[in-house]
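[1] Build the 3D model from these lines:
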Amino acid sequence: MSLLTTVAGLRAVQTGTAQPLTTVRHTHIDDRPVVLIPLTLAGEACAPLAAMVGTDRDRPVLLTVPQPRDRTLRFRFAEELADVLLPLIDDCRTESETYEAGRPKEERTRWTRAPQILVPNPGGIGFIRLLGRSTRLRRTDGPHAVAPTVPLLGNWLTWFADRTDFPGSGLLLAMTRLLTDHWATGQSPTENAHLPSLLA
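    Below is the predicted model:
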């Protein structure tokens, strides 16, 4: 924490208003990011209770798990999440460009738009990481088979979670981190890690 950040935090406490730490937003926000709000069972790793997901704030999709300890229901939840997320990811893979790279006259193709997922806090990133790890290697045949979209979803979620380890990556963002990078609230780190408290 720099001296200026400390001064901004003290000023936020004094005025009761968050103080800007930057003059520009240093993170790219997509025009249509995917918002994913997971709710998990406490005390058990990657046991989803519900998730709200979508790109339109007026029409989000709510997914629920009646019994999060039941593995069959967990993977049914993953299948429903895949049915929502995979088409949104595929929508980003519609436009590409060709460029020269490496050796002279070696052409490569790249997509011009990447999907972006916004979660409320770092716990959402942890959930995506665990869900990706638990679904990417599931079998699609034999006993305890899952739908073919489940391992594909797991691969994508693992890819998104792995990108968060790279500074400046904007593919999977925790909104609490994004806001505290740009605003000083004067609250404790625990309060800043809670999105409703941070927004208030």
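
[2] Could I get the full set of strands for the chain?
    Using DSSP state E, the strands of the chain run over 19-20, 34-40, 48-54, 61-64, 96-100, 107-111, 117-119, 172-174, 183-184.

[3] Just put these in JSON lines and tack on mean pLDDT, mean neighbour count and distance to Thr27.
    Quick note: C-beta positions are derived from backbone N, CA and C, even for glycine. Output for the strands of the chain, formatted as JSON lines (pLDDT from 0 to 100; neighbours: other CB atoms under 10 Å; distance: least, CB to CB, whole Å):
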{"stretch": "strand 19-20", "mean pLDDT": "84", "mean neighbour count": "14", "distance to Thr27": "15"}
{"stretch": "strand 34-40", "mean pLDDT": "93", "mean neighbour count": "20", "distance to Thr27": "15"}
{"stretch": "strand 48-54", "mean pLDDT": "93", "mean neighbour count": "18", "distance to Thr27": "21"}
{"stretch": "strand 61-64", "mean pLDDT": "94", "mean neighbour count": "15", "distance to Thr27": "25"}
{"stretch": "strand 96-100", "mean pLDDT": "85", "mean neighbour count": "9", "distance to Thr27": "23"}
{"stretch": "strand 107-111", "mean pLDDT": "84", "mean neighbour count": "10", "distance to Thr27": "19"}
{"stretch": "strand 117-119", "mean pLDDT": "94", "mean neighbour count": "22", "distance to Thr27": "11"}
{"stretch": "strand 172-174", "mean pLDDT": "92", "mean neighbour count": "21", "distance to Thr27": "7"}
{"stretch": "strand 183-184", "mean pLDDT": "86", "mean neighbour count": "20", "distance to Thr27": "13"}
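
[4] Just put the ones you listed in CSV and tack on distance to Glu191.
    CSV is the format used below for the strands of the chain (distance: least, CB to CB, whole Å):
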stretch, distance to Glu191
strand 19-20, 15
strand 34-40, 19
strand 48-54, 23
strand 61-64, 27
strand 96-100, 44
strand 107-111, 39
strand 117-119, 18
strand 172-174, 15
strand 183-184, 12
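
[5] now the longest helix along the chain: mean pLDDT?
    Across the chain, the helix with the greatest residue count (assigned by DSSP state H) is helix 71-91. For helix 71-91, mean pLDDT is 92.

[6] between it and strand 34-40, how big is the angle?
    170 degrees (axes from the mean of the first three to the mean of the last three CA atoms, to 10 degrees).
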